[in-house]
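Asks: My questions are about this predicted structure, shown below with the sequence.
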2 protein chains.
Amino acid sequence: MTPEITVLDRLLEVSELFQKDVARAFDGTPLTTARVRVLWDLVAAGPSTQHALAERLEVSARNITGLVDALEAGGYVTRTPHPTDRRAIIVSLAASARQMMQQMQADHAALSADLLGAVAPADRDALVRGIEAIAGRLRELVAAEGEASPRP
Amino acid sequence: MTPEITVLDRLLEVSELFQKDVARAFDGTPLTTARVRVLWDLVAAGPSTQHALAERLEVSARNITGLVDALEAGGYVTRTPHPTDRRAIIVSLAASARQMMQQMQADHAALSADLLGAVAPADRDALVRGIEAIAGRLRELVAAEGEASPRP
DNA sequence: CATATTAGTGATGATAGTACATTGTTACCT
DNA sequence: AGGTAACAATGTACTATCATCACTAATATG
């Protein structure tokens, strides 16, 4: 019943509801969490080799091959040869996928505005600062944990 | 750059970090997201028939059989006959699992306190109210969506 | 030329989910 | 009662995803 527990519980609930919402958005498409991760990475990092994807997403190259296979089959990404390294392949977002991701971001912005609208105006600034602080602290903690037990 | 986008982005980041943290906690155990969902449900609802579990978690009864099989093999739950209905089976948390879940809740509480400690004291009340409001609004939205397209 | 790198293949395994059929049990209805 | 329908759990079978390792083919690099 302490406010501390309530805060975390609410955050967890929010996180769960988000997840459910995202999952529902991709219902009926061949998109899954792992595949969307690839798409987001491409949005953030731009066209990349599969090796680069594997490193950033921290999965095996073999796994990336499979994920890109599925995304390519669905028309979400294209494979083009690397201009100078003939071993490598560049994975790029297809135009439609880029549009979809933009739409998704727009939806997120709309949802964000909606959610913020539910907050009392006087509380908004403090809320934003507070979430920022929590995110920062959490980032710190995760980073520290990662250091404590580095991957072998 | 608008604050609205920032809020949602931070919330998503927080939710992702949480997920990562939880996943890491279960590394090396046979526990997975789906199985832990069962455990949480048992914590919340107490000993239940598999049918009840299936309904609350919204998966097929057959699926529950498999999840409970794995949890039982790992010693997390026990199956006992239903006292009056000989068709049914009661799934209960094993003592060790109950303890583990309590520990997890304690860890959550500690983490919550830590995170709240990172927030400026003057912002805390507003933050709590704000998150509460956001969670409420989000719950509303998800419920409305569920109504709009009821399962067939 | 020797070695490291990039991608792809094949094989394998664990998980999560489904549908369908089966078995035993309960509940209801005549 | 007795018959029938609904129900709980499970066996079988299947699909899809995500992940790994081991290996091959091409290409870069020093």
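Replies: Structure received.

Asks: Helices of chain A, start to end?
Replies: When assigned using DSSP state H, the helices of chain A occupy the ranges A:3-25, A:33-45, A:50-57, A:61-73, A:95-117, A:121-148.

Asks: Do the third one and chain B come into contact?
Replies: Which is helix A:50-57. No: residues of helix A:50-57 are not located near chain B by C-beta under 8 Å from any C-beta of the partner chain, the shortest gap being 12.9 Å. Quick note: C-beta positions are derived from backbone N, CA and C, even for glycine.

Asks: ok, that helix near DNA strand C or not?
Replies: Yes: counting by C-beta under 7 Å from any atom of the strand, DNA strand C has neighbours in helix A:50-57: A:50-52, A:54.

Asks: A:His51 contacts A:Arg87, correct?
Replies: No: if you go by C-beta atoms under 8 Å, A:His51 and A:Arg87 don't touch, sitting 9.5 Å apart.

Asks: of those two, who's got more company?
Replies: A:His51 (13 against 8; other C-beta atoms under 10 Å in any protein chain shown).

Asks: Could you report the neighbour count for the nearest residue to the more buried one once chain neighbours are set aside?
Replies: Closest residue in space to A:His51, ignoring its immediate chain neighbours: A:Ala61 at 6.1 Å, by C-beta to C-beta, 6 or more residues apart in numbering or on different chains. Here the number of neighbours of A:Ala61 (other C-beta under 10 Å) works out to 12.

Asks: For DNA strand C, see how far away A:Ala61 is.
Replies: From A:Ala61 over to DNA strand C the distance is 6 Å, taken as C-beta to the nearest atom of the strand, to the nearest Å.

Asks: next one: A:Ser112
Replies: On the measure of C-beta to the nearest atom of the strand, A:Ser112 and DNA strand C end up 28 Å apart.

Asks: try A:Leu17
Replies: A:Leu17 is 17 Å from DNA strand C, where distance means C-beta to the nearest atom of the strand.

Asks: A:Glu58 now?
Replies: Noted for A:Glu58: a distance of 15 Å to DNA strand C, by C-beta to the nearest atom of the strand.

Asks: Give the burial count for that residue, as a bare number.
Replies: 7.

Asks: Looking at the residues of helix A:50-57 next to DNA strand C, spot the one nearest A:Val43.
Replies: A:Val43 lies nearest to A:Ala52 out of the residues of helix A:50-57 next to DNA strand C, by C-beta to C-beta, at 14.2 Å.

Asks: The closest one - nearest residue in space that isn't next to it in sequence?
Replies: A:Ala45 (7.4 Å).

Asks: same deal with A:Tyr76?
Replies: Nearest to A:Tyr76 is A:Ala97, by C-beta to C-beta, 6+ apart, at 4.2 Å.
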